[in-house]
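A.B. asks: how does the following fold in three dimensions:
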Amino acid sequence: MASTISKQTLTIAGIVLNIFSQPNATTPTDPVAVLFLLHGRLGSAEDVEPVARTILDDVHVRRTAAPEGQKADDLIVVTFDQRNHGTRLVDGLANWHWESDPKAEKNNVRHAIDMYAIQTGTAQDVSFLIDFLPAYLFPHDERTVSQWLVSGISLGGHATWITLRNDPRVKLGIPIIGCPDFLTLMSARAAEHGLAVAPPHFPASLLAYVRAHDPAAAPHTAGAAGNPFAGKKVLVLCGGADTLVPWAAAEKFVGELDVGAGVKEVWVEEGVGHRCSPGMVQRAAEFVWREALVK
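C.D. replies: Below is the predicted model:
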């Protein structure tokens, strides 16, 4: 039976958050894990609300069916509009891509720049919210956050990878149809439009930033010193027939990725294009339950 899910709204420094939870899932003072769920490009927080509810419903079913005596942390799912999306939209063109006709109304010459700026900004927003969300949720210190988790779809998947790289407090991540290697992904996309990886589409300043800060630029192989992914739990979900963010763009990095004592699982769903499928949501929910909530 599906759970009764509550939804409340909080505003932190101008960012509107949707907070989804299951009332009375655990005792009011038990620790709670927080999952940030990030939407895709041209979307909004509203688009991922069904995913948030499905994950919570799945967790409720697993909690109900758990063996007697098994303990599991509570779960809160948080959604918000990414920068320049939804309620934060300022420049609609900045969310569009390159068009075959350079004179097309929605041809965005700055597509690569805008893409990386938005996903980087979203990852920074997640870290900022980790700083302040507990004070808003629990002003009397009535509960503590046991774990910080992040998942995202498409653009949100890109931001998930960046968050995993940059924030040591985030111990679990589920990038869905996202890519950790921006230059591999966008170089191929540029080539499809006959564009060079050079100004004005790829200014030197952008390339320098990406090469210094991208997840693919971080130490991530076995034995690499300073590997920010070491000890983390990562579930990679991709579509085998995805042509917008093809698995091939992420395959090398994901194959090399070493999480040490952490967990790395990969599922490339055959025949699925650039979409978050029901199977992906189910696997995400099971991963959160198994790797984050169950004690």
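
A.B. asks: what's the spacing between the strand ranked longest in the chain and its chain's center?
C.D. replies: For the chain, the longest strand by residue count, based on DSSP state E, is strand 145-153. Centroid separation for strand 145-153 versus its chain: 8 Å, with Cα atoms, centre = their mean, to the nearest Å.

A.B. asks: what of stretch 212-219?
C.D. replies: In terms of Cα atoms, centre = their mean, the centre of stretch 212-219 is found 17 Å from the chain centre.

A.B. asks: how long is that stretch end to end?
C.D. replies: Stretch 212-219 stretches 11 Å from its first residue to its last (Cα to Cα, to the nearest Å).

A.B. asks: now that stretch: mean pLDDT?
C.D. replies: For stretch 212-219, the mean pLDDT works out to 97.

A.B. asks: okay, buried residues for it please.
C.D. replies: Across stretch 212-219, burial judged by 16 or more other Cβ atoms under 10 Å covers H213, D214, P215, A216, A217, A218. C-beta: built from backbone N, CA, C; applies to glycine.

A.B. asks: where's the third one relative to T54, distance?
C.D. replies: Taking Cβ to Cβ, to the nearest Å as the criterion, P215 is separated from T54 by 27 Å.

A.B. asks: can you check the fifth one too?
C.D. replies: When Cβ to Cβ is applied, the distance between A217 and T54 equals 34 Å.

A.B. asks: what do you get for the first one?
C.D. replies: To T54, H213 is 33 Å away according to Cβ to Cβ.

A.B. asks: quick one on the thing from earlier: out of the buried residues of stretch 212-219, which two sit at the greatest distance?
C.D. replies: H213 and A216 (10.1 Å; Cβ to Cβ).

A.B. asks: on the pLDDT front, check the residue lying closest to G271 once chain neighbours are set aside for me.
C.D. replies: Excluding the flanking residues, the one nearest G271 by Cβ to Cβ, 6 or more residues apart in numbering is A241, at 5.5 Å. At A241, the pLDDT value in this model is 98.

A.B. asks: SS state for the residue nearest to H201 when sequence neighbours are not counted?
C.D. replies: In space, and not counting its chain neighbours, H201 is closest to L195: 5.1 Å by Cβ to Cβ, 6+ apart. Of the three states, L195 takes coil under DSSP: H, G, I helix; E, B strand; the rest coil.

A.B. asks: nearest residue to A66 in space, please, no chain neighbours.
C.D. replies: Once flanking residues are discounted, A66 sits nearest to A72: 6.6 Å by Cβ to Cβ, 6+ apart.
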